[in-house]
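Q: Whatever this is, show me its structure:
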Amino acid sequence: MTDDGSLSAPDSGSVAPGIVTLSKARAAVRETTPLVNAVTNEVTVNDVANVTLHWGGLPVMSDDDREVADMVASAQGLLLNMGTVSEMGEATMLTAGAAAADHGVPAVVDPVGAGATPTRSRVAERLVTELNPAIVSGNYGEVAALVGDDAEVRGVESVGEHTDIAETAVACARETDAVVVASGETDVVATGERAFEVRSGDQLMGRVVGTGCMLGATLATFAAAIDDPLEASLAGTLAYGLAGEAAAAGEFGEYHGPASYLTAFHDAVAGHEPTTDPAERIREVVA
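A: The predicted model follows:
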């Protein structure tokens, strides 16, 4: 943190609590009100748009190859989610990602289903190698697939054991030159040299379709307002998980199952003000 209270990048000797201040991160999003374009899948597009809005961003869901480059040029953040990958969608994501690179717009790539089929693996590989994203966000299996490890991915869900996920995420970050967020029971945020465990969230989040997509939207929104991708990833991942906990604790209304929990979760994203010290939730595991 700089003397004037602005957000700053870590140096080699810093630790996670010194580079993550949730109140300042959330304030940066609200004060910036960044425009975030999402080229995302049809299943969760509404949730992605709403989560972006609830954090304080302005969502736009331009996915037409005729206009997407112009839209990205005026945006501050970009999400590329290949959940319902198609030939046209692949072309649009490549166009959007190229525009982001041209205009200095941070891009988040969510390689949904990488490792499940050769097509998805090929598209994911193109996105992370050709577009130079700031952040790659996937589940354990998807991140493992990106570095060529054996990964159990059924449809778009990660299955199996990934006991070395921190080292895998570091390897993925080194290969892609991006910050990597590997989501699972314990989320991992990694650069090519460091990895952090982020312990937040609730099991109920796994009973709702689209929590990975909404995490990607969260990261794109935070990265649009915070210059350092590592800080944006740590703050966004932690804030997202804490919102899930607050919803599960009933702080935003009674719920009776996954559907009503999802409503409470959206309310928590919009209204939860974290007071947790990051030192309690973030631990450096690879340095």
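
Q: Quick check: residue 247 vs residue 87, distance?
A: Distance of residue 247 to residue 87, given as Cβ to Cβ, to the nearest Å: 37 Å. Every residue, glycine included, has its C-beta placed from N, CA and C.

Q: And those two? Which one has more around it.
A: residue 247 (26 against 9; other Cβ atoms under 10 Å).

Q: Contacts only, for the more buried one.
A: 202, 204, 255, 261, 264-265, 267-268 (Cβ atoms under 8 Å, 6 or more residues apart in numbering).

Q: any idea how far residue 35 is from residue 199?
A: 32 Å.

Q: State the pLDDT value of residue 84.
A: On the pLDDT scale, residue 84 is placed at 86.

Q: Surely it and residue 43 touch.
A: Yes. At 6.5 Å, residue 84 and residue 43 qualify as touching, with contact defined as Cβ atoms under 8 Å.

Q: how about residue 79, phi and psi?
A: Note on residue 79: its backbone torsions stand at phi -120, psi 130 [degrees, to the nearest 10].

Q: Now the helix or strand containing residue 108: average pLDDT?
A: Residue 108 is located in strand 107-110, with elements delineated by DSSP states H and E. Averaged over strand 107-110, pLDDT sits at 98.

Q: Strand partners (parallel or antiparallel) of that strand?
A: strand 77-81 (parallel), strand 135-139 (parallel) (DSSP bridges).

Q: in the chain, which ranges drop under the pLDDT threshold?
A: Scanning the chain for pLDDT under 70 picks out the ranges 1-20, 150-162, 276-279.

Q: Which positions within the strand or helix carrying residue 99 qualify as buried?
A: Assigned by DSSP H and E, residue 99 belongs to helix 87-103. Buried residues in helix 87-103, counting neighbours by 16 or more other Cβ atoms under 10 Å, are found at 89-90, 92-101.
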